[in-house]
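Undergrad: structural data only, the sequence is not supplied:
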């Protein structure tokens, strides 16, 4: 068996969720991590059964070799399926839906959105500002005139404030979020290694917005953000995004990945519409990936699992 070093592993992957460090973090949360053939898959037990579900997020193209590796992982880890969400755009995939079905995949329930905003930050600041919506530029100026300041703050006090704001934001918006323990373990693993940074906005000495950013290869990612409802009039979030763009330029990166978006014609009644509209103001490219595909390892059990999964989500939505 060939041993792969952290550095060698990270050279062959293309997203923070496929990094060696992310795998270490997930192991700290009690999740089994399998690394093989350039693919990092997490293994998740199905409650009250002897079976597991594999998860392969933000990997490469799905090919015959991919299926061979997934089949081996599934057999060795008693997975009835492995959920795959490749970081592959539809226009670049080179594979059709019918081909994926022939390889043993079916469309699955998404964990990651199929769409995203990705901004090329290499143009000048003047050009980047000119590409934004007029309202976005105006809000940035509002925050600047109000005296909002934005900068990296990786202190314990700032991270504790981020956790407070996360709890406040999730309660206000009514969506599901990771636990405080999850965020703690993520931070204590990724921050010392330079991947995770905390970008905060302060107004009158108080942190009112805090974003966790991931830096990997040529891209800065915006996976987690939280803010208080107070002082909404100073438009701190708009300035934070602008400073994240400037930070990416300062670090000589090429892209800012905004982690997710709605589709081409978003529904204004969608609970995520506000986030989508906010991100859309910065002139980023709207990206469509090939979506979520479940590799079926145990066909006779898979459809029973999907039926149970649908019931579970129906109940969760009802409770919300």
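TA: Arrived safely. Predicted model only: the values in this text are computed from it and were never measured. Residues are numbered from 1 along each chain as shown.
Undergrad: quick one: contacts for the spatially closest residue to residue 210 that is not a sequence neighbour?
TA: Nearest residue to residue 210 in three dimensions, chain neighbours excluded: residue 162, at 3.9 Å (C-beta to C-beta, 6 or more residues apart in numbering). Where C-beta positions appear, they are placed from N, C-alpha and C, glycine not excepted. Applying C-beta atoms under 8 Å, 6 or more residues apart in numbering, we find residue 162 in contact with 183, 198, 200, 207, 210, 212, 226.
Undergrad: neighbours around the closest residue in space to residue 259 that isn't next to it in sequence, how many?
TA: Using C-beta to C-beta, 6+ apart and skipping the chain neighbours, the partner closest in space to residue 259 is residue 223 (4.9 Å). Residue 223: 16 surrounding residues under other C-beta atoms under 10 Å.
Undergrad: that older thread, out of the contacts of residue 162, which is nearest to residue 88?
TA: Ranked by distance to residue 88 (C-beta to C-beta), those are led by residue 212 at 24.9 Å.
Undergrad: confirm residue 164 sits in a helix?
TA: Yes. Assessed by DSSP: H, G, I helix; E, B strand; the rest coil, residue 164 belongs to a helix.
Undergrad: how near is it to residue 157?
TA: Remark: distance between residue 164 and residue 157 (C-beta to C-beta, to the nearest Å) = 11 Å.
Undergrad: can you redo the contacts of residue 162 as a markdown table with pLDDT?
TA: Listed next are the contacts of residue 162 as a markdown table, based on pLDDT from 0 to 100:
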| residue | pLDDT |
| --- | --- |
| 183 | 97 |
| 198 | 98 |
| 200 | 98 |
| 207 | 98 |
| 210 | 98 |
| 212 | 98 |
| 226 | 94 |
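Undergrad: among these, who's most crowded?
TA: Using other C-beta under 10 Å as the neighbour criterion, residue 210 leads the contacts of residue 162 with 27 neighbours.
Undergrad: just the strands in this protein please.
TA: 32-36, 39-45, 52-57, 79-85, 105-107, 115-120, 149-152, 196-203, 206-216, 219-227, 255-257, 285-288, 293-296 (DSSP state E).
Undergrad: hey, which of the ones you listed is tucked in deepest?
TA: Mean neighbours per residue, mean count of other C-beta atoms under 10 Å, is largest over those for strand 79-85, with a mean of 24.
Undergrad: now what about it, what contacts it?
TA: 41, 43, 46, 51-59, 62, 70, 73-74, 105, 108, 110-112, 289, 291-298, 301-302, 305.
Undergrad: now with 6 Å, please.
TA: 51-57, 70, 74, 108, 112, 292-298, 301-302 (C-beta atoms under 6 Å, 6 or more residues apart in numbering).
Undergrad: over to stretch 40-60?
TA: 15, 17-18, 23, 26, 31-34, 39, 73, 77-87.
Undergrad: which of the contacts of residue 162 lies closest to residue 253?
TA: Top of the list for closeness to residue 253, among these and by C-beta to C-beta, is residue 212 at 16.4 Å.
Undergrad: so who does that closest one touch?
TA: Taking C-beta under 6 Å, 6+ apart as the test, what residue 212 contacts is 196, 224.
Undergrad: how does it look with 8 Å?
TA: 162, 186, 187, 196, 197, 198, 223, 224, 225.
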